[in-house]
Structure formats: structure tokens, C-alpha cells
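Enquirer: Using only what follows, build the 3D model:
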Amino acid sequence: MRLNCDIGESFGAWTMGLDEQVMPYIDQANIACGFHAGDPSVMTRTVRLALTHGVTLGAHPAYPDLQGFGRRAMACKPEEITAMVLYQVGALTQIAASEGGHLAYVKPHGALYNSMMRDDAILHAVLTALRKSPQPLALMAMATADNAPLKRSCAEQGVELMLEAFADRAYDSAGYIVSRSQPGAVHHDPDVIVQQAIALARHEPIQTIDGQSLTLEADTLCVHGDNPESIAAVRAIRDALPESA
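Expert: From the prediction side, this is the model:
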């Protein structure tokens, strides 16, 4: 089970995340591309940091929503979504190339990620961007209780799929992460986060927010490095995974 992290989300004089501390423990870096967070200098520093630690580079495009951190849905046409994904991926591709690296995948951020999982038109728009990209790019998307429709859509577009699970988020019975607006949507207890991560890595059932049992098929596990407690949890997950995978 690989570990991925949303990273490079500082902007200008504003700092978010403990990127330098979490990078040594992850396998995949989902780098913000400027629309919800990040800027050219932050993107460059993050790429350099990831390459120093041998971490795979991924683009983390979003709706153009700096004030809302990309967590607010926007009424964009499919062709607009395709264009904005290509725009952001293109910027990070050039920065990565200038540092001797290359992008391997795309993981949409926030509202775009969640909307893509529930709206076929938005998913198709994102996949169209990946299909049109000059370089092969996989899609990182949410593992749910039924991955068949998502797998079918990716296969039709010729896009590789990586299924993602979350160590620190609560799930509903359909296998979707619970909205942050709901109580209990985010786990804060490091022990709970580590236990969920180990269960997901072993493909064992976890408990949903309403007390049901859920088993997810996942290739990669999303972790966060926002504070010292989350860094400690990531370290514990990294130490536990070789025994649980």
C-alpha cells in the first residue's frame, strides 16, 4: 500500500502543512497547482523536495477558488473543466521537467474530486484532459463500495486508475467519505487513524459512520501532514504498513 499526501499548499507568505517533515514518509506527492493553493515558487520547492526523497510526482488540480481552498463546487461546463485541468497539469509538468522530474498521475482536489465521483459529466471532463495530455497520466480517485463504474469509465478513455482510501476520514455505507460539514467526518485521534490505515492496507473491513461494515479495494492511502500530531500518525502508519500489507 502506497502512501500519498496533498502537499505544496502554501501560497505567497501564507504557509500550510509541514511538507519537509511528511515528505520522507510518503510515496506519492499530490502537488497543488495554483488554483486552490500553491504558487510557482511553492510548486518548484515542492517538486525539488519530492525528488530529493524519491517521491512520485502527481498534480492536484482544483476549481479556481483560492479563498475557499477549492472546497466549494462551481458551475463549470465540462469543456471548462477539461481546460482548467490541462492548464494546471501543464504548469506543473513544466516545473517538474525543469527539475529533472515528470508527473505520473493526477488527483483532483476538494470539490472537483468529490463532484467527479458523483457526476459522470465531470468525471468524463477530467478523463478527457488526461487522455489529451501528451504524456500518460493515471487518475487517482476514491475507492468506494462499488468501483466498477469508475473502472469502466477509465478503461473507455484509456486512462490508468489508482484507487485511493483515506486514513483519517469517516466513510458512509456506500464507501464515500463523509462531508467535512458533518460531525465526525475527520478522525483526529492518531490511534484511530493508524488502526484504520492498517485495516485498509490489509483489505479488512472498517466501520462506517453509521456503524456498518465496509471493505475497500485501494492501491494508495491518503495521509496528511498538517500538524505534529498528523506527522506522528504518518510515521506510525509507515512503520506498520510493511507488517500489514
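Enquirer: Nearest residue to L216 in space, ignoring adjacent ones along the chain?
Expert: A143 (4.5 Å; CB to CB, 6 or more residues apart in numbering). Glycine gets a C-beta too; all of them are placed from N, C-alpha and C.
Enquirer: Can you tell me the closest non-neighbouring residue to the spatially most central residue of the chain?
Expert: Central residue of the chain (CA atoms, centre = their mean): K107, 4.9 Å from the mean position. Spatial nearest neighbour of K107, chain neighbours left out: M140 (3.8 Å); criterion: CB to CB, 6+ apart.
Enquirer: Would you confirm that the residue nearest to the centre of the chain contacts A62?
Expert: No: taking contacts as CB atoms under 8 Å, K107 lies outside contact range of A62: 10.2 Å.
Enquirer: thinking again about what came up before, and the residue nearest to L216, what does it touch?
Expert: Contacts of A143 were listed using CB atoms under 8 Å, 6 or more residues apart in numbering, and they are L163, E164, A165, G175, L216, E217, A218.
Enquirer: Can you report phi and psi for the residue lying farthest from the centre of the chain?
Expert: Distance from the C-alpha centroid of the chain, by CA atoms, centre = their mean, peaks at G211 (25.5 Å). Note on G211: backbone dihedrals following degrees, to the nearest 10 are phi 90, psi 10.
Enquirer: Likewise for L130?
Expert: The phi/psi pair for L130 (degrees, to the nearest 10) is phi -70, psi -40.
Enquirer: Use 373 as the first number for this chain going forward.
Expert: Right, with 373 as the first residue, what we last looked at is L502.
Enquirer: For this protein, which segments are assigned as strands?
Expert: Assigned by DSSP state E, the strands in the chain fall at 374-379, 400-404, 428-432, 475-478, 510-514, 533-538, 578-579, 585-586, 592-595.
Enquirer: out of the ones you listed, nearest to Y459?
Expert: strand 428-432 (10.6 Å; CB to CB).
Enquirer: and the closest one, which strands flank it?
Expert: Strand 428-432 pairs in its sheet with strand 400-404 (parallel), strand 475-478 (parallel), by DSSP bridges.
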